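give me the fold of what follows.
(2 chains)
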Amino acid sequence: MPNGSYKSILSNGIWENQGLVQFLGLCPLIAVSDSVVKALGLSLATMFVLLFSNVTVSLIKKRVSGIVKIPIFIIIIATFTTSIELLMKVFTYELYMLLGIFVPLIVVNGLILNRAEIFACKNNVIKSAFDGLIVGIGFSSVLIALSAVREILSVGKIFVNMNLLFGSAAVDWNITIFSEGYSFLLFMLPPGAFILLGLLIALKNLINGKVNSLSDGERSFLTKETKRVRTTGPVA
Amino acid sequence: MSNKKKGQLMFSSSIWKNIAILGIVALISGIIVFTTYSKTKGYIAKSESRYAKRFLFQVVPSANYNNDILIDTINIPKKYFSMLGIKSGENHLVKMNGKLISIIVPSIAHDGYNGKIKLLVGINLDGSIVSVRAISHKETPGLGDKMEVDKSDWVLNFNKKSLKNLDSKLWKVKKDGGYFDQFTGATITPRAIVKKVHETLKYYEMDKSRIIKELDVFNENEESNIFGGVD
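Numbering: from 1, shown residues only, chains lettered A, B, ... in the order given. Now for the predicted structure:
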């Protein structure tokens, strides 16, 4: 389905975003977007898994086929997820405790299996690595943008507890935006995340509509036809 | 017939091929995970103990003791487990120059709004509370999480309270006619915590003599050793 030029990887990964267009990986998007530090932590973990699973799948793509394809992809993804889980326990134990179940749940993030199934097993290693990185950045940017807005609207601050990820140098990074003691429960809870994600998608579609209404000559590479379908990779 | 046989043969050979590939991939990933695990095991244990210590340190001010409160522990008899709501656990001992000052008792409130609320209750020898900390919970953020000390001062209300200076009837939230405030919009969480802290104090009263006795025996042994050395 996706052809392999770097330009199309870039536009597919960043703009025709897995989170915003295909609605993959919604569970972590809703669950850990209540603070920037959690979003950043899960983004990095997801990117790590995505990059390495794409590379590995691409390396072994000629050897696996048929009914064992999906189980093997899952094993590969689970391997890297377990590894990153252990590494997080070493370096950012408190953040790991905050993220809780959502680190092991990276295994079942549809986004990663989707990339393995529809891209990495059809393209070479370098392209697959590039795709993993770009799709990871695309997913992370949605997650982090959502968490930044949610953190500001829910507690009136941003970058709280960044020291969990960046060490003691980051203790004072938090910025108070609204007055002390401000809190808005709706945005702390998942419904707030759904509402904001909806607004984010609306904003993206608005921009898409504006760009589409321009003449052909003015169109940038961003205008690639929006495919508003939910794809879970074809099951072999 | 020969055709059928050939088909069967092909079918089974592809199955064997799949099994072999699956097995190899599983083996390799097993090796990767095992290597990562064995390399990180030591560091993870260190992180875990640092994490556990963080809460113990919050319960008692560090100026009040000079022993290693993480490893200096005394067992809790099994018969008290249901009272404290725990399945396993130990009391941590807080000592100054070898003399017992207070103990830190773990307990779990099971009747919170959403799952378990794990508590650490620091109790002075006279039965008054040093302080209480909730070390993990899944209560609603913004409503039921005001027992966290960096969100509200509520949990500090327990400081210095004991069974003597607060009547048993008052170990409730205000809504139930007791002493402690409920949170705005959340009564179940503080109700569960107050109840469990009360029970923890009752446990301490019941188990106090045993703890002091066991520690005294230990101290006497130590002293006799010293005298033995002098002789």
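
spell out which parts of chain B neighbour chain A.
B:14, B:18, B:21-22, B:25-26, B:29, B:32-33, B:36-37, B:40, B:43-44, B:47-48, B:50-51, B:140-143 (CB under 8 Å from any CB of the partner chain). Placement of C-beta: from N, CA and C, glycine included.

okay, and which of those map to helices?
B:14, B:18, B:21-22, B:25-26, B:29, B:32-33, B:36-37, B:40, B:43-44, B:47-48, B:50-51 (DSSP state H).

now for the lengthiest helix in chain A, which elements pack on it?
In chain A, with assignment by DSSP H, the single longest helix is helix A:125-155. For helix A:125-155, the packing partners by 3 or more CB pairs under 8 Å, 6 or more residues apart in numbering or on different chains; DSSP states H and E come out as helix A:6-10, helix A:26-31, helix A:36-60, helix A:110-115, strand A:157-158, helix A:185-188, helix A:190-212.

the helices in chain B, which residues?
For chain B, helices defined by DSSP H occupy the ranges B:2-59, B:81-84, B:188-230.

any chance of those in TSV, plus mean neighbour count, mean pLDDT and distance to residue A:121?
Below are the helices of chain B laid out as TSV (neighbours: other CB atoms under 10 Å in any protein chain shown; pLDDT from 0 to 100; distance: least, CB to CB, whole Å):
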stretch	mean neighbour count	mean pLDDT	distance to residue A:121
helix B:2-59	13	81	14
helix B:81-84	16	90	53
helix B:188-230	16	77	49
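
minimum distance to residue A:178: which of those has it?
helix B:188-230 (25.5 Å; CB to CB).

and residue B:110, backbone torsions?
Per-residue torsions, residue B:110: phi -100, psi -10 (degrees, to the nearest 10).

can you tell me the closest non-neighbouring residue to it?
In this structure, residue B:110 finds its nearest non-sequential neighbour in residue B:85, 5.4 Å apart by CB to CB, 6 or more residues apart in numbering or on different chains.

go on, residue B:66?
residue B:96 (6.0 Å).

check contacts around the one you found.
B:64, B:65, B:66, B:67 (CB atoms under 8 Å, 6 or more residues apart in numbering or on different chains).

sketch out the low-pLDDT regions of chain A for me.
Applying pLDDT under 70 to chain A picks out residues A:1-4, A:215-236.

what does it have sitting close to chain B?
Within chain A, the residues that sit near chain B (CB under 8 Å from any CB) are A:34, A:60, A:63-64, A:66-68, A:71-72, A:75-76, A:78-79, A:82-83, A:86-87, A:89-90, A:93-94, A:97, A:154, A:183, A:185, A:188-189.

can you point me to the longest strand in chain B?
In chain B, with assignment by DSSP state E, the single longest strand is strand B:99-109.

quick check, distance from that strand to the centre of its chain.
11 Å (CA atoms, centre = their mean, to the nearest Å).

try stretch A:21-38
7 Å.

for that stretch, buried residues please.
Neighbour counts using 16 or more other CB atoms under 10 Å in any protein chain shown place A:21-26, A:28-38 of stretch A:21-38 among the buried residues.

state the distance from residue A:31 to chain B.
Distance of residue A:31 to chain B, computed by CB to the nearest CB, to the nearest Å: 12 Å.

so how far is chain B from the closest residue to that residue other than its chain neighbours?
Excluding the flanking residues, the one nearest residue A:31 by CB to CB, 6+ apart is residue A:102, at 5.8 Å. Noted for residue A:102: a distance of 14 Å to chain B, by CB to the nearest CB.

for residue A:102, what are its contacts?
Counted by CB under 8 Å, 6+ apart, residue A:102 has contacts A:27, A:28, A:31, A:32, A:42.

now residue A:45
A:81, A:84, A:85, A:88, A:103, A:106.

ok, and the closest non-adjacent residue to the spatially most central residue of chain B?
A centroid search over chain B (CA atoms, centre = their mean) returns residue B:106, at 5.3 Å, as the residue closest to the centre. Spatial nearest neighbour of residue B:106, excluding adjacent residues (CB to CB, 6+ apart): residue B:89 at 4.3 Å.

how about residue B:146?
residue B:152 (4.0 Å).

what of residue A:144?
According to CB to CB, 6+ apart, the nearest residue to residue A:144 is residue A:39 (4.9 Å).

what's the answer for residue B:134, then?
The shortest distance from residue B:134 to any residue other than its chain neighbours is 4.6 Å, reached at residue B:147 (CB to CB, 6+ apart).

now do that neighbour: how many residues are near it, please.
25 (other CB atoms under 10 Å in any protein chain shown).

that one and residue B:155 touch, don't they?
Yes: here residue B:147 lies in contact with residue B:155, judged by CB atoms under 8 Å, at a distance of 5.1 Å.

quick one on the thing from earlier: identify the bridge partners of the residue nearest to residue B:66.
residue B:99 (DSSP bridges).

OK, contacts around residue B:124?
Per CB under 8 Å, 6+ apart, neighbours of residue B:124: B:101, B:102, B:130.

quick one, what contacts the second one?
When you say that, I think you mean residue B:102. Counted by CB under 8 Å, 6+ apart, residue B:102 has contacts B:60, B:64, B:94, B:122, B:123, B:124, B:125, B:130.

could these go into JSON lines alongside pLDDT and distance to residue A:125?
Output for those, formatted as JSON lines (pLDDT from 0 to 100; distance: CB to CB, whole Å):
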{"residue": "B:60", "pLDDT": "85", "distance to residue A:125": "56"}
{"residue": "B:64", "pLDDT": "78", "distance to residue A:125": "59"}
{"residue": "B:94", "pLDDT": "88", "distance to residue A:125": "57"}
{"residue": "B:122", "pLDDT": "92", "distance to residue A:125": "57"}
{"residue": "B:123", "pLDDT": "92", "distance to residue A:125": "61"}
{"residue": "B:124", "pLDDT": "91", "distance to residue A:125": "64"}
{"residue": "B:125", "pLDDT": "88", "distance to residue A:125": "66"}
{"residue": "B:130", "pLDDT": "91", "distance to residue A:125": "59"}
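
that's all I had, so thanks and see you.
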